[in-house]
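Okay, sequence plus prediction incoming.
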4 protein chains.
Amino acid sequence: MIKTSILGASGYAGGELLRILLGHTKVKIQETTSRQFANQPVSLIHPNLRKKTDLIFSHPENLKKCDLLFVALPNGESMKYMSKLKTIAKKIIDLGADYRFRDPVVFESWYAQKHTDSQFLSKFVYGIAELHREQIKRTSYIACAGCEATVSILALYPLVKYHLIEEKVIIDAKMSSSQAGLKPSLSSHHPERAGVVRSYLPTGHRHTAEIIQELSPFNNSIGVAISATALDMVRGLLVTIHTVPKKGITEKDIWKAYRNEYQNEPFIRIVKERQGIYRYPEPKILQGTNFCDIGFEMDKITNRLVVIAAIDNLVKGTAGQAIQAMNLMFGFPETMGLEFTGLHPI
Amino acid sequence: MIKTSILGASGYAGGELLRILLGHTKVKIQETTSRQFANQPVSLIHPNLRKKTDLIFSHPENLKKCDLLFVALPNGESMKYMSKLKTIAKKIIDLGADYRFRDPVVFESWYAQKHTDSQFLSKFVYGIAELHREQIKRTSYIACAGCEATVSILALYPLVKYHLIEEKVIIDAKMSSSQAGLKPSLSSHHPERAGVVRSYLPTGHRHTAEIIQELSPFNNSIGVAISATALDMVRGLLVTIHTVPKKGITEKDIWKAYRNEYQNEPFIRIVKERQGIYRYPEPKILQGTNFCDIGFEMDKITNRLVVIAAIDNLVKGTAGQAIQAMNLMFGFPETMGLEFTGLHPI
Amino acid sequence: MIKTSILGASGYAGGELLRILLGHTKVKIQETTSRQFANQPVSLIHPNLRKKTDLIFSHPENLKKCDLLFVALPNGESMKYMSKLKTIAKKIIDLGADYRFRDPVVFESWYAQKHTDSQFLSKFVYGIAELHREQIKRTSYIACAGCEATVSILALYPLVKYHLIEEKVIIDAKMSSSQAGLKPSLSSHHPERAGVVRSYLPTGHRHTAEIIQELSPFNNSIGVAISATALDMVRGLLVTIHTVPKKGITEKDIWKAYRNEYQNEPFIRIVKERQGIYRYPEPKILQGTNFCDIGFEMDKITNRLVVIAAIDNLVKGTAGQAIQAMNLMFGFPETMGLEFTGLHPI
Amino acid sequence: MIKTSILGASGYAGGELLRILLGHTKVKIQETTSRQFANQPVSLIHPNLRKKTDLIFSHPENLKKCDLLFVALPNGESMKYMSKLKTIAKKIIDLGADYRFRDPVVFESWYAQKHTDSQFLSKFVYGIAELHREQIKRTSYIACAGCEATVSILALYPLVKYHLIEEKVIIDAKMSSSQAGLKPSLSSHHPERAGVVRSYLPTGHRHTAEIIQELSPFNNSIGVAISATALDMVRGLLVTIHTVPKKGITEKDIWKAYRNEYQNEPFIRIVKERQGIYRYPEPKILQGTNFCDIGFEMDKITNRLVVIAAIDNLVKGTAGQAIQAMNLMFGFPETMGLEFTGLHPI
């Protein structure tokens, strides 16, 4: 039984951490902080947790020592406090962008701010277990991946690793509203946001930098471009990745690459059915689960390989990924607390 | 050709007035005011009007004289300015609640504020043409009904007038997000608001007062109770009205009452089909139209008469009602500008 | 470890049984039958179960003996096979309507067909644990309640038992599409069904009979009327129940009645908050859970008590209820397999 | 006043033709045929037309002579009847795929059936007015474009014509449910279809052939690949088109190309705003309109030009396009009957 606290527990990532950790038999939640909602019950903001917990949000100032601290703050915040936080917790899992990059210049160019704790970047391991399992087991500091980066990296890295695709990759990402967080604005106002198919980032998505960082060890000149469209969906993320297979590559080669990398992965499923209506990955049946579903279709006429992948952005894309990493860091079974099957119909 | 201006044109009611008036051949729009968006193009906030108008929001301070002024301000605002507005426009149509009540005490008890212009209340005619057509033709001042009041009054008044139902009436209202206006909040934030079936006003809905005011001339002791539930819908409003038929009343009597009152009404349809899937009123096919669809079902076993009625809250419930009244005030054909058929499928 | 089979496992109730049972540590699923999909993998129809099970649908003809049989057939089907099924399984939980009524005449009048196994009705216990826990522990045969009946009975019975409300009750039910089952039709066709607020049963809902049966022991002359409206929602069910409190009854009395009956119930939560946006029960955060959330509001002006209750129709309304009963029948912890918290935001 | 009939009027395209034509002052609708619904009122299937028309579906066998016949049959049907239809109507507008291709081999390879009336293909003009206005004015036979082809061609042709992009183009299409027509199936069943982000055609979309046909006069070696994803949307279609700008091409060049081609087009709007939340085309505000909104964003870092375009698939993509062509064929004002502005919020 380890003692964990969550810094920034009123946001959607924090709520999802709470939901999963409350069902995790090896973890005791010590504190859940929120500046805005301090002294209010956690279930005021996360109504799904009624009768599951009596936790009260505490003020972040007086965090007590714990075994593991989850940091779920807005981008640019965790680096301000990290040196202090290290004195509070032996292990830290950061869900924000601050420690995802090995090179502070990359952070600074994509996030348009100075990195104020760059000497500490090298201590952090990027949180995707499928790529960095052994490092995660040995580290004390994790920087979880962005949700869009997570699903794209998982879909692409076997293809890059085995040199199956050309180096220009286009990711057409279909996004949900929860990823933008808890703060209301006109763009999140229901009459404006409902029913949209909104090109909110045709180019320039920040997660591009993470994807390139993680894929470039396998191919130094990989080129990634993202176009992101927001849909009328609260949870879930699907990417349609447009790639060009290298000459002579067959469907078998693709299967083999995915099998080699993923056949023992508990949270990855290759979804490519000949019949039924769920023939490719779909985010709606992944809600609440830690799965990443991956499918693909080759087209010889146009010489394309279209890769489709889906996750729940708040689970595999955020809190579930963090807890999968936690399980590895503490030697718990990797799937512990993450067994939820997903619902159908939904 | 009359000159009209819209005070408060950036809200949803204002935008809907604009949409309809831009297609109205007898009306020229002179000014559209918005404090918040002054000097911005109207199509920034109402993107459906692109290429339909080059209007710019103006500041409300310097309104020019016009033939007709639409006032689309938050409740409690128009009474502050009314004495000045009367010097600007000969005719005024107010879409807020300030002048809906003949008795200022009723306003004050439901809206929890002093009425500061109560001596002017008697000049206003309540804007539902089906009840007050002749008065509307002769007045210079209209107070449009609340959306929930509009649909409920239209569904109920023939039944009350012909003494067909007992005096206790329960209105179960299914509401959409646009009625709450343009201002974002946590309750309108997409991740929180999408997918809801939210009992936001189980009791105490303000429109109760309007419904009682309009029905009591037909039955002094009518009792009305509303329970309102918000759905994942941007436009539209459906009421399920639970009533008890008086002894001996048959389905024929109900048909007859509706026919007597509504057979020549251009915007009311009795919807009660024996087959098909749209057997009763449904808001989705009314979007953009000025129709009020009304249906009913009697149940002898439980001695009930369930009345179902639907409108587009922004059209028949707000802007369309206002323009229908304008047409009457100026002697234009009553349906002018309000001919939109509605879409199916949608 | 008990051996269970599911007769009719390709429907939505069957799929939900499967989902829950696959996570239940005391149960082994032996067979899952489907006439239509025999020999196909279960995950073809229930794609959320990929990687969770390799089960194949089997043909219902050759069911093997098991400890517990779940019967999830269309209404009117299970009574045809029951005498045979009793030889296959010692214990049976039927999810259809055939054995819900103590009086076959009630079944026959509401379901418009002859009951062909009426002598066996008395062996079945109605499956709501909150009302029949001790009987369920001792019986071998359970008839699970209808979803709409479940939520209405749970909301009402403490009020009826303690004589807090007058005997006429109106239930305004907001329904989802999953309850109509797996069979496509024009009324379930997405372009026609999306976005609806459809009065599909203004009167005459069959679950009326169950509600009366279960409440009448507490008040012989209880009168129940249901109006059902279908919404654009796949899972979930909310009832707004319009009642009249007896003279002198206060909010405290209501609280007390619910507390008396439900304070130790693991799956019932009284939801009535002074702040926040989830102040009353809402179905969206109950998806996948076995909770029934109940709230209420009294209005002295109109002398009303509005009771609001919500469930997931496929869990507490169907499969979860069945498994809760199973846990009781076999002496497992009552909440086993039913611990899912629900998601937020969703 | 011309006399028109609609062959296949019960489908969604037929219903939309009806809706628009009922508001068109130069057209009288003579017959509306439906084999399945013969002798039923049109408003049974198209409930938005209640009180707008008393038309009854007639049987297709006995079509009377008319000035213009709209043919809205499933693909492969109109070629069976065309020689007979030519004797009934002087002018014909076909909304299906049968006469879209100049080369019957193309039809046969994409639609997997023999073309049985190929000698008549050359008589038909492809129905997109923006490309073929003068020919449309002079022809008697129109083959309307597919909805996905329409929006893609309109977005791309100025770029191809002015040689602004490289020849490989990827179209990521976001589709709605109405385009699949009126016929229910498991894939259109609401519990399965609601909430989806479903890759139903990762490759191999038939409209590819139309797009290539229409663009190849401007660039013989244009390569087009479509990936289509179905969303939880009834009406509307958005394409995100991933292209590579030719060397040296600037944003100004793109603007200029669109302006040259479209500045006088009544139904095309270039949507590319610096502020507001509707900065790029969005299908929801186009519902019911004949607009095609087009926007774009260049990214120098990745050397991309992302083009975004949206339509209402049933209007500009089908019935509105047909009526725009009709207006040209008969010398009516081109926008007649197609003035609907679109709704906001919706």
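Right, received. Where do you want to start? Residues are numbered from 1 along each chain as shown, chains lettered A, B, ... in the order given.

For chain D, what's the nearest residue on the stretch 1-150 of chain A?
The stretch 1-150 of chain A approaches chain D most closely through A:Ser109 (10.2 Å), counting by C-beta to the nearest C-beta. The C-beta positions use only the backbone N, C-alpha and C, and glycine is treated the same way.

looking at this, that residue is in a helix?
Yes - secondary structure assignment places A:Ser109 in a helix (DSSP: H, G, I helix; E, B strand; the rest coil).

what's the neighbour count on it?
For A:Ser109, the tally of surrounding residues (other C-beta atoms under 10 Å in any protein chain shown) stands at 12.

list the contacts for it?
If you count contacts by C-beta atoms under 8 Å, 6 or more residues apart in numbering or on different chains, A:Ser109 has them with A:Ala209.

Could you do A:Ser118 as well?
With contacts defined as C-beta under 8 Å, 6+ apart, the neighbours of A:Ser118 are A:Pro104.

chain center to stretch A:256-267, what's the gap?
19 Å (C-alpha atoms, centre = their mean, to the nearest Å).

That one near chain D anywhere?
No - counting by C-beta under 8 Å from any C-beta of the partner chain, chain D is not contacted by stretch A:256-267; separation bottoms out at 15.7 Å.

Can you give me the buried ones in that stretch?
Neighbour-count burial for stretch A:256-267, counted by 16 or more other C-beta atoms under 10 Å in any protein chain shown, picks out A:Ala257, A:Tyr258, A:Glu261, A:Tyr262, A:Glu265, A:Pro266, A:Phe267.

How about stretch A:244-252?
Neighbour-count burial for stretch A:244-252 flags A:Val244, A:Pro245, A:Ile249 (criterion: 16+ other C-beta under 10 Å).

where does A:His24 sit relative to chain B, distance-wise?
Shown here: A:His24 relative to chain B, a distance of 24 Å by C-beta to the nearest C-beta, to the nearest Å.

CSV please, covering the buried residues of stretch A:244-252 and showing pLDDT.
As requested, these are exported to CSV (pLDDT from 0 to 100):
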residue, pLDDT
A:Val244, 98
A:Pro245, 98
A:Ile249, 97
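
now, which of those residues lie within helices?
Taking DSSP state H, every one of the buried residues of stretch A:244-252 sits outside helices.

Of those residues, just say which sits nearest to A:Arg304.
The closest of the buried residues of stretch A:244-252 to A:Arg304 turns out to be A:Val244 (C-beta to C-beta; 6.5 Å).

so that closest one sits right up against A:Asn303, yeah?
Yes - at 6.2 Å, A:Val244 counts as touching A:Asn303 under the criterion of C-beta atoms under 8 Å.

for stretch A:262-273, how far is the first residue from the last?
Distance between the boundary residues of stretch A:262-273 (C-alpha to C-alpha, to the nearest Å) amounts to 18 Å.

anything in that stretch near chain C?
Yes - in terms of C-beta under 8 Å from any C-beta, part of stretch A:262-273 sits within range of chain C, namely A:Arg269, A:Val271, A:Glu273.

Now for the closest residue to A:Ala143 other than its chain neighbours: which residues touch it?
Distances taken as C-beta to C-beta, 6 or more residues apart in numbering or on different chains place A:Tyr99 nearest to A:Ala143, at 3.8 Å, with adjacent residues excluded. With contacts defined as C-beta under 8 Å, 6+ apart, the neighbours of A:Tyr99 are A:Ser78, A:Met79, A:Met82, A:Phe120, A:Leu121, A:Phe124, A:Tyr141, A:Ala143.

what does the helix or strand containing A:Ile254 contact?
Counting by DSSP states H and E, the secondary-structure element that holds A:Ile254 is helix A:251-262. Counting by C-beta under 8 Å, 6+ apart, helix A:251-262 makes contact with A:130, A:157-159, A:161-162, A:164, A:245, A:268, A:270, A:294, A:296, A:298, A:305, all of which sit outside it.

Neighbouring strands - and their directions - for the following helix or strand past that helix?
Using DSSP H and E, the helix or strand that follows helix A:251-262 towards the C-terminus is strand A:268-270. Applying DSSP bridges, strand A:268-270 is found paired with strand A:292-299 (parallel).

Quick check: pLDDT value at A:Thr302.
On the pLDDT scale, A:Thr302 is placed at 89.

How about it, nearest residue that isn't a chain neighbour?
D:Ala225 (4.1 Å).

tell me, how many neighbours does the closest residue to A:Lys80 other than its chain neighbours end up with?
Nearest residue to A:Lys80 in three dimensions, chain neighbours excluded: A:Thr116, at 6.7 Å (C-beta to C-beta, 6+ apart). If you count neighbours by other C-beta under 10 Å, A:Thr116 ends up with 13.

A:Thr25 now?
By other C-beta under 10 Å, 8 other residues sit near A:Thr25.

picking up where we left off before, now, among the contacts of A:Tyr99, which is nearest to C:Ala9?
A:Ala143 (43.6 Å).

Now the phi/psi pair for the closest one, please.
Taking degrees, to the nearest 10, you get phi -110, psi 110 for the backbone angles of A:Ala143.

my guess is it meets A:Phe124, correct?
Yes - with contacts counted by C-beta under 8 Å, A:Ala143 reaches A:Phe124, the gap being 4.4 Å.

Show me the common contact partners of these two, please.
Shared between the contact lists of A:Ala143 and A:Phe124 (criterion: C-beta under 8 Å, 6+ apart) are residues A:Asp94, A:Tyr99, A:Arg100.

Which residue ranges of chain A form helices?
Using DSSP H, helices in chain A cover A:12-22, A:42-45, A:78-88, A:104-111, A:129-138, A:147-161, A:190-193, A:207-215, A:251-262, A:320-329.

thinking again about what came up before, of the shared contacts of A:Ala143 and A:Phe124, which belong to strands?
Members of those lying in strands (criterion: DSSP state E): A:Asp94.

Can you tell me which of the contacts of A:Tyr99 are buried?
When neighbours are counted using 16+ other C-beta under 10 Å, the contacts of A:Tyr99 contain these buried positions: A:Ser78, A:Met79, A:Met82, A:Phe120, A:Leu121, A:Phe124, A:Tyr141, A:Ala143.

which one of those residues sits closest to A:Ile2?
Set against A:Ile2, the nearest of the buried ones among the contacts of A:Tyr99 by C-beta to C-beta is A:Tyr141 (15.9 Å).

quick one: the residue nearest to A:Thr302 and D:Asp172 touch, right?
No - using C-beta under 8 Å, D:Ala225 is not in contact with D:Asp172, being 9.6 Å away.

circling back to that earlier point, for my notes, please list the contacts of helix A:251-262 in CSV and give distance to D:His189 for each entry.
Output for the contacts of helix A:251-262, formatted as CSV (distance: C-beta to C-beta, whole Å):
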residue, distance to D:His189
A:Glu130, 35
A:Tyr157, 36
A:Pro158, 34
A:Leu159, 34
A:Lys161, 40
A:Tyr162, 39
A:Leu164, 37
A:Pro245, 35
A:Ile268, 29
A:Ile270, 26
A:Ile294, 26
A:Phe296, 26
A:Met298, 29
A:Leu305, 31
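
right, and the pair among the residues you listed with maximum separation?
Using C-beta to C-beta for every pair in the contacts of helix A:251-262, the one that comes out farthest apart is A:Glu130 and A:Met298, at 23.1 Å.
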